[in-house]
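J.: one predicted model, sequence on top.
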Amino acid sequence: MSRPLLFKLLCLLSGLMIPAASFAADIDGSTLSLGWGIPFVGILLSIALCPLLIPTIWHHHFGKITALWSALFLIPFTITFGMGTSIGLVSHAILAEYIPFIILLFALFTVSGGILVKGNLHGSPKLNTALLAIGAILASLMGTTGAAMLLIRPLIRANDNRKHRVHVIIFFIFLVANIGGGLTPLGDPPLFIGFLKGVDFFWTAKHMLLPVLISTLVLLTLFYLVDSHYYKREDEIEAHDPTPDSKLRLYGKFNFILLLAVVGSVLLSGFWKSAVAFSVLGVHIELQNITRDILLLVIAALSMILTAKQVRSANQFSWEPILEVGKLFAGIFITIGPVLAILRAGQEGHMAGLVAIVSDPEGAPINAMYFWLSGALSGFLDNAPTYLVFFNLAAGDATTLMGPLQQTLLAISMGSVFMGALTYIGNAPNFMVKSIATQSGIAMPSFFGYMKWSFGILIPLFLILTVIFFLI
């Protein structure tokens, strides 16, 4: 057994031997300085900047960098507040939020990786628009990462005889890797965070339907016009097609059944309210949530066992993406604890200025500001922790946010999901799609080159959405 693993097990066992009553996850945010948020911001800035500034070092050591930021938080926090409070904060972050979050992503990633689309079609404007529409629909069912990884290679193959392909990939990132995932908690990580916090599954589907539909139709229409323009150019079609047209074939189709099982498992935990609950390290864990997580792990295992190795090999399936997400978000969920406590303190905390920006003089939320601020941070940092920050800033209570503050919750949900498309780093699949396209010989724009496209196309759309949903 490796030393790091042995150390983790010893820490866990020692924690289990401490009476649950000695754990205290609640912290008085009014007593905390903003300095306690430095490790959290450090992780987010590392995610944003290190892949651009030190890509090789980041690729090989991102887990260690994240662990370092976590240690820089936990050591002084434990010294200041004591072991019991520290264990309480970490156990709540890991058991109540991180584990359910990563298990769902793991299940969706594993199952979607067992579906192979083989063959090639002719990349005309009609076909490309249809593929983007299908991808946008699938994104809410199998997650933005799953849908993006399923369709990006078939889309690239369909257009590999065209000179002008960059716009195809960019609109794919807009629709499939981001906006399409806005209909359900399965679609995008921030919405699942909301589900874990008590937001009803069908609340999301009902209230996000119109914003997603409007955004998708606008972008698909615009894409068709742009793609038609490039398609008509005389020098567009290459004489040699690297992958001649052939009939599409689906392999691993039973994984679609497993995807339905994933949906059913998540719905089960939302509808079934068991009276049975367990206390682990002071964390209250309900039976329905344990059942959901076990079912998701079983579903993932069935996908691995039943899917032919050749299918995953043809999909270039690897565990690297989910391992990266797992390591990064472990640090994020731990270090965000004091930030959330400060936000819960409201006007009494050191983020009173942020509270003032998103609230009017009477203390009522300014929904347009929630939309743009949650969106701006989602575009440049990461949309899941951003959602969590503004969720707690608004009220921190799902019942209140689904009731009198439902427009505020809608603003946070729209901003976190939609504006993740503003940069390559706004949502995990963005950079994955960009990397695959680059490997396939497509000269993708730089970080800021991409932003010329995203700002030019998406900002006007978001201004329209602001008027429709938050100003009228």
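T.: That came through, no problem. Residues are numbered from 1 along each chain as shown.
J.: so where's the stretch 351-472 of the chain uncertain?
T.: 381-382 (pLDDT under 70).
J.: which parts of it are strands?
T.: For the stretch 351-472 of the chain, strands defined by DSSP state E, counting those that start in this stretch do not occur.
J.: now the helices for the stretch 251-400 of the chain?
T.: 254-271, 287-306, 309-314, 320-335, 337-344, 352-357, 367-380, 383-394, 398-402 (DSSP state H, counting those that start in this stretch).
J.: for Phe447, which of those is the nearest?
T.: Evaluated over those, closeness to Phe447 peaks at helix 367-380, with 10.6 Å, by C-beta to C-beta. For the C-beta atoms, the positions are set from N, CA and C on the backbone; glycine is no exception.
J.: list the contacts of Phe81.
T.: Ile27 (C-beta atoms under 8 Å, 6 or more residues apart in numbering).
J.: quick check: it vs Phe333, distance?
T.: Using C-beta to C-beta, to the nearest Å, Phe81 is found at 18 Å from Phe333.
J.: repeat for Ile94
T.: 7 Å.
J.: neighbour count: the two, which is higher?
T.: Phe333 (25 against 17; other C-beta atoms under 10 Å).
J.: and Gly363, its phi and psi?
T.: Backbone torsions for Gly363, taken as degrees, to the nearest 10, come to phi 90, psi 0.
J.: can you give me the strands in the stretch 151-300 of the chain?
T.: Under DSSP E, counting those that start in this stretch, the stretch 151-300 of the chain gives strands at 246-251, 277-280, 283-286.
J.: so which residue is dead centre in the chain?
T.: Pro189 (3.3 Å; C-alpha atoms, centre = their mean).
J.: residue contacts, that one?
T.: Pro189 neighbours (C-beta under 8 Å, 6+ apart): 101, 105, 383-384, 428.
J.: can you redo these as CSV with distance to Ser228 and neighbour count?
T.: Converted to CSV, the contacts of Pro189 look like this (distance: C-beta to C-beta, whole Å; neighbours: other C-beta atoms under 10 Å):
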residue, distance to Ser228, neighbour count
Phe101, 41, 20
Leu105, 36, 24
Asn383, 32, 28
Ala384, 36, 27
Ala428, 31, 27
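J.: for stretch 69-85, buried residues please.
T.: Of the residues in stretch 69-85, 69-70, 73-74, 77-78, 81, 84-85 count as buried by neighbour count, 16 or more other C-beta atoms under 10 Å.
J.: returning to that earlier point: with respect to Phe271, which of the strands of the stretch 151-300 of the chain lies nearest?
T.: Comparing the strands of the stretch 151-300 of the chain by C-beta to C-beta, strand 283-286 comes nearest, at 12.7 Å.
J.: for the helices of the stretch 251-400 of the chain, which one sits closest to Val166?
T.: helix 367-380 (19.6 Å).
J.: so what secondary structure elements neighbour the closest one?
T.: helix 383-394, helix 406-418, helix 447-466 (3 or more C-beta pairs under 8 Å, 6 or more residues apart in numbering; DSSP states H and E).
J.: picking up where we left off before, show me the two of the buried residues of stretch 69-85 that sit farthest apart.
T.: Trp69 and Gly84 (22.8 Å).
J.: got the phi and psi for Asp360?
T.: phi -80, psi 180.
J.: and if you look at Gly426?
T.: Phi and psi for Gly426, reported as degrees, to the nearest 10, are phi -70, psi -30.
J.: in contact with it, which residues?
T.: Gly426 neighbours (C-beta under 8 Å, 6+ apart): 178, 378-380, 382-383, 419-420.
J.: which pLDDT value goes with Pro51?
T.: At Pro51, the model reports a pLDDT of 78.
J.: surely it meets Ile425?
T.: Yes. If you go by C-beta atoms under 8 Å, Pro51 and Ile425 touch, sitting 7.3 Å apart.
J.: now the end-to-end length of stretch 175-194.
T.: When the termini of stretch 175-194 are compared using C-alpha to C-alpha, to the nearest Å, they are 21 Å apart.
J.: go on, stretch 119-131?
T.: Rule used - C-alpha to C-alpha; the end-to-end distance of stretch 119-131 is 14 Å.
J.: what about it, distance to the chain center?
T.: Mean-position distance between stretch 119-131 and its chain equals 27 Å (C-alpha atoms, centre = their mean, to the nearest Å).
J.: verify the stated contact: Ile193 with Ala384.
T.: Yes. If you go by C-beta under 8 Å, Ile193 and Ala384 touch, sitting 5.6 Å apart.
J.: overlap of the contact sets of the two?
T.: Phe101.
J.: tell me which of the helices of the stretch 251-400 of the chain sits nearest to Phe278.
T.: helix 287-306 (7.4 Å).
J.: I'd like to know which elements that closest one is packed against.
T.: By 3+ C-beta pairs under 8 Å, 6+ apart, helix 287-306 packs against helix 99-112, helix 254-271, strand 277-280.
J.: tell me which of the ones you listed lies nearest to Phe469.
T.: helix 254-271 (24.9 Å).
J.: contacts for the closest one?
T.: Counting by C-beta under 8 Å, 6+ apart, 104, 107-108, 111-112, 114-115, 141-142, 184-186, 195, 200-201, 288-289, 291-292, 295-296, 299, 302-303, 306-307 sit against helix 254-271.
J.: please work out which of the helices of the stretch 251-400 of the chain is packed deepest.
T.: Ranked by mean neighbour count, the helices of the stretch 251-400 of the chain are led by helix 383-394 with a mean of 26 (mean count of other C-beta atoms under 10 Å).
J.: helices and strands around that one, which ones?
T.: helix 189-196, helix 320-335, helix 337-344, helix 367-380, helix 406-418.
J.: as a whole number, average confidence for the helix or strand harbouring Met142?
T.: Under the criterion of DSSP states H and E, Met142 resides in helix 125-158. Regarding helix 125-158, the rounded mean pLDDT is 89.
J.: I'd like to know which elements that helix is packed against.
T.: helix 99-112, strand 116-120, helix 166-175, helix 201-231, helix 254-271, helix 428-439.
J.: nearest to Ile156 among the ones you listed would be which one?
T.: The nearest among the helices and strands packed on helix 125-158, by C-beta to C-beta, is helix 428-439 at 6.5 Å.
J.: how big is the angle separating the closest one from helix 125-158?
T.: 70 degrees (axes from the mean of the first three to the mean of the last three C-alpha atoms, to 10 degrees).
J.: from the chain's centre, how far out does helix 428-439 sit?
T.: 15 Å.
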